[in-house]
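[1] show me how the following folds:
(one chain, ligands or ions: 1)
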Amino acid sequence: VSTINDSSPLSFSNDTTIPASTFSSNSFVNVEKGDPVAFGPYWEKLRDECMIEIKGDEWMSYFGDANNLCWYMVPPMRDAILRLHNAVGNVVTKDKFLVLGTGSSQLYQALLYALSPSEPSDRPINVVAATPYYSEYKDATDILQSRLFQWIGDAALYDKDEPYIELVTSPNNPDGTLRAPVVNSGAEGKVIYDLAYYWPQYTPITYEVDHDVMLFTFSKCTGHAGSRIGWAFVKDIEVAKKMIRFVHLNSIGVSKESQIRAAKMIEVICDGYQNLKSTKSDHLFFDYGKRLMKERWEKFKGAIEQSKIFTLTKYPTSYCHFNKDLSEQYPAFAWLKCMEGIENGESYLEKLKIRTRGGERFGVDAKYVRVSMIGTNDEFIELCTRLSNAKRE
Ligand code: PMP
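    Take a look at the predicted model:
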């Protein structure tokens, strides 16, 4: 850490939860999961501003707002989500229904239900995503062996003359690429846009996205994955109603405590941008987040070049309407491909005591491997050290 100058967001960390000594030469650096704790030091600085108080008699009801179609969503949550998108300019919120979920993972299940055929006699609808796809989609689709929907796999290979649901994750997890639908079968298709990473710390905000079904998550926006808050913008009221029915039967709504907390964090972010003149630049969340991701990526690229084991995905530069600058992408994950002669990236890195997620989980071969860029500062520094010291066998 000492090589990084004091104004750097990397040195901003005084993360005491994982002491540097955790990393003895025998211990693993775990960059397998996408736990977004990297922004913790930012929130630590603002901990007092983010305090909320919930009294004993407050938020007891199942209902949040009986006048809203999404009856379990509390008004401060709805207002905060709309205010955030309005500030960032990443989505057209007008003429859409807002559906809240316990993480976007719950809304994914709700959407599979809502977009499936309603006649029980119909065949299960086919669910596809272009490879490499987010590794949880497959298991989340097939866990209940539903008669309504079934996982098929690679959207690029889909050639059935049957209805389908295509998942488009943009920027994509695992490889950070910007994506559009790829199915070319002529059959009737519905598209779910998973925009978990369409936030300014990861990618330039190039336009306001406007699709029939769009998923967002608080987890990757602010880093508060533990609150389990996700939301969907949906054009068709019938789809929105079916999703709300699913959330009703699955969890009778979403925790009011989580909603109040999430609304507060979003309010703190938006207040910062609204009062630009009086906010210190390292107190602007997305500015901080982008600087952190940029510094991590620069350091990581250096380590990968030194190691001569992997190649990295290349990203375009585009104009960001939010930051008002030309910018590269700084994805939440690095997607590595082994150079000639190495067949399995995950097991290669396992020998270096780096735990990662191999390509097969994402529908591609074992030459690829995903590495989280959003873990703790100590983990990240140790990851770069181990990679740059690695000598090819
Ligand atoms: N979609 C994508 C592409 C993700 O990467 C994740 C989190 N890893 C999710 C959805 C799920 O997010 P949540 O925490 O809101 O359930």
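[2] care to break this protein down by domain?
    Following automatic domain parsing, the chain resolves into domains at 9-45+282-389, 75-272.
[3] go through those domains and find the least confident stretch.
    Per-stretch mean pLDDT for the domains of the chain is lowest at domain 9-45+282-389 (a mean of 90).
[4] re the thing from before, redo the domains of the chain as TSV? Include mean neighbour count and distance to residue 53.
    Where C-beta positions appear, they are placed from N, C-alpha and C, glycine not excepted. TSV is the format used below for the domains of the chain (neighbours: other C-beta atoms under 10 Å; distance: least, C-beta to C-beta, whole Å):
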stretch	mean neighbour count	distance to residue 53
domain 9-45+282-389	18	18
domain 75-272	19	9
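[5] which one, of these, ends up nearest to the ligand?
    The ligand lies closest to domain 75-272 among the domains of the chain, at 2.8 Å (C-beta to the nearest ligand atom).
[6] does the closest one reach the ligand?
    Yes - Domain 75-272 is in contact with the ligand by C-beta under 6 Å from any ligand atom, via 103-105, 134, 169, 173, 194, 196, 217, 219, 225, 230.
[7] and the furthest pair within these?
    Greatest spacing in those, by C-beta to C-beta: 169 and 225 (16.8 Å).
[8] in three-state terms, label the residue nearest to the spatial centre of the chain for me.
    In the chain, the centroid-proximal residue (C-alpha atoms, centre = their mean) is residue 196; its distance is 3.8 Å. On the three-state scheme (DSSP: H, G, I helix; E, B strand; the rest coil), residue 196 is labelled coil.
[9] pretty sure it contacts residue 170?
    No - assessed by C-beta atoms under 8 Å, residue 196 is found out of contact with residue 170, at 9.4 Å.
[10] name the nearest residue to residue 101, ignoring sequence neighbours.
    Counting by C-beta to C-beta, 6 or more residues apart in numbering, residue 107 is the residue found nearest to residue 101 once chain neighbours are left out, at 3.7 Å.
[11] ok, back up a step: how about the domains of the chain, which one is nearest residue 55?
    That would be, of the domains of the chain and by C-beta to C-beta, domain 75-272, which comes in at 11.2 Å.
[12] start and end of that closest one, how far apart?
    Start-to-end span of domain 75-272 (C-alpha to C-alpha, to the nearest Å) is 21 Å.
[13] and what of stretch 86-99?
    So stretch 86-99: terminal residues 17 Å apart, C-alpha to C-alpha.
[14] all helices for the stretch 151-300 of the chain, in order.
    218-222, 237-251, 256-274, 285-307 (DSSP state H, counting those that start in this stretch).
[15] ok so, going back, who's in contact with the residue nearest to the centre of the chain?
    Contact analysis of residue 196 by C-beta atoms under 8 Å, 6 or more residues apart in numbering lists 104, 169, 173, 215-217, 219-220.
[16] kindly report the same for residue 346.
    356-359, 366, 369.
[17] if we use 7 Å, what do you get?
    356, 358, 366, 369 (C-beta atoms under 7 Å, 6 or more residues apart in numbering).
[18] of those residues, list those near the ligand.
    Applying C-beta under 6 Å from any ligand atom to the contacts of residue 346, none is adjacent to the ligand.
[19] looks to me like residue 319 is in a strand.
    Yes - Residue 319 forms part of a strand when assessed by three-state DSSP.
[20] contacts only, for it.
    Neighbouring residues of residue 319 by C-beta under 7 Å, 6+ apart: 204, 206, 326.
[21] surely the last one forms part of a strand?
    Spelled out, that is residue 326. Yes - counting by three-state DSSP, residue 326 is found in a strand.
[22] can you pull up the bridge partners for it?
    residue 319 (DSSP bridges).
[23] do you know how far it is from residue 90?
    17 Å (C-beta to C-beta, to the nearest Å).
[24] what does the second one give?
    The gap separating residue 206 from residue 90 is 9 Å, by C-beta to C-beta.
[25] what does the first one give?
    Counting by C-beta to C-beta, the gap between residue 204 and residue 90 amounts to 10 Å.
[26] give the full set of residues in contact with residue 372.
    Neighbours of residue 372 in contact, by C-beta under 7 Å, 6+ apart: 31, 33-34, 333.
[27] wait, residue 313 touches residue 175, no?
    Yes - between residue 313 and residue 175 there is a contact under C-beta atoms under 7 Å: 5.3 Å.
[28] what do the two both touch?
    Joint contacts of residue 313 and residue 175 (C-beta under 7 Å, 6+ apart) are residue 335.
[29] isn't residue 256 right up against residue 74?
    Yes - Residue 256 lies in contact with residue 74 (C-beta under 7 Å); the separation is 5.9 Å.
[30] what residues are shared contacts of those two?
    With C-beta under 7 Å, 6+ apart as the test, residue 256 and residue 74 both reach residue 64.
[31] check the contacts of residue 346 and tell me the two furthest apart.
    356 and 366 (11.2 Å).
[32] how far away is the closest residue to residue 68 other than its chain neighbours from residue 67?
    Nearest residue to residue 68, sequence neighbours excluded (C-beta to C-beta, 6+ apart): residue 78, at 6.9 Å. For residue 78, the distance to residue 67 equals 11 Å [C-beta to C-beta].
[33] likewise for residue 107?
    22 Å.
[34] quick one: the strand or helix carrying residue 109 to helix 237-251, angle?
    Secondary structure assignment for residue 109, by DSSP states H and E: helix 103-115. Angle, helix 103-115 to helix 237-251, by axes from the mean of the first three to the mean of the last three C-alpha atoms, to 10 degrees: 120 degrees.
[35] what lies in contact with helix 103-115?
    99, 101, 127, 140-141, 148-149, 165, 190, 192, 196, 213, 215-217, 219, 228-230, 232, 239, 242-243, 246-247, 250-251.
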